[in-house]
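1. okay, sequence plus prediction incoming.
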Amino acid sequence: MHKINQKKILSTNIESKQVPEIELYFPKFKRKIENELTQEEICVQCHGCCMYVTVPLDPPDNEDTIQMYVWYLYHKNIEIYLDLYDQWQILMKTPCENLLPNGYCAIYENRPKICREYDPTSCSRTGKDYKVLFKSPEAFLKYIKKKTKK
């Protein structure tokens, strides 16, 4: 059995390895300007949907699931939310590797189906798309505690 050198582990510079928090940005266009833009022009100027991935989650209805979600929320660039249809979602803020610096898609002609069928009139820049958003374990646990008291 190997012994772990705790001094070596504790002396590691954790700060230099931390990932910066990504803030999602969804521009708001004036109605007149937006009506004059094509779908492609809106997407190139926004490209907010290219900055994250969401995946449905099971409802946090038992202690194991609650603890799993707490663990998720301890990670940078992870948020959990309850959407407008009462579906739990995990949001991973991570840019698509095909997003070019100018906002264009490097694989536009061969982009995945989800990208081809995306409708910018229903994207996050047009309004709030969640009921509750959790950016920290504390906020999530407070919500769960409040819901279980009812």
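-> Thanks, I have it. These numbers come from a predicted model, not from an experiment. Residues are numbered from 1 along each chain as shown.
2. all contacts plus neighbour counts: C-alpha atoms, from now on.
-> Will do.
3. buried ones in stretch 141-150?
-> Neighbour-count burial for stretch 141-150 flags residue 141 (criterion: 16 or more other Cα atoms under 10 Å).
4. what's that stretch in contact with?
-> residue 70 (Cα atoms under 8 Å, 6 or more residues apart in numbering).
5. now stretch 39-48
-> 24, 25, 26, 27, 34, 102, 103, 104, 120, 124, 125.
6. cutoff 7 Å now
-> For stretch 39-48, the external contacting residues (Cα atoms under 7 Å, 6 or more residues apart in numbering) are 24, 25, 26, 27, 103, 104, 120.
7. residue 85: which of those is nearest?
-> When those are compared for distance to residue 85 (Cα to Cα), residue 120 wins out at 19.1 Å.
8. torsion angles phi and psi at the closest one?
-> Residue 120 adopts backbone torsions of phi -70, psi -10, taken as degrees, to the nearest 10.
9. residues contacting it?
-> By Cα under 7 Å, 6+ apart, the residues touching residue 120 are residue 39.
10. now render the contacts of stretch 39-48 as CSV, adding distance to residue 67.
-> CSV is the format used below for these (distance: Cα to Cα, whole Å):
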residue, distance to residue 67
24, 26
25, 29
26, 31
27, 35
103, 37
104, 39
120, 35
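11. buried among the residues you listed? Make that a ChimeraX selection.
-> Per 16+ other Cα under 10 Å, the buried members of these correspond to this ChimeraX selection:
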select :24,26,103,104,120
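12. now the two most distant members of the contacts of stretch 39-48.
-> Across these (Cα to Cα), the longest gap, 17.1 Å, separates 24 and 104.
13. what pLDDT does residue 121 get?
-> Residue 121 is assigned a pLDDT of 72 by the prediction.
14. same question for residue 116.
-> Reported pLDDT at residue 116 in the predicted model: 88.
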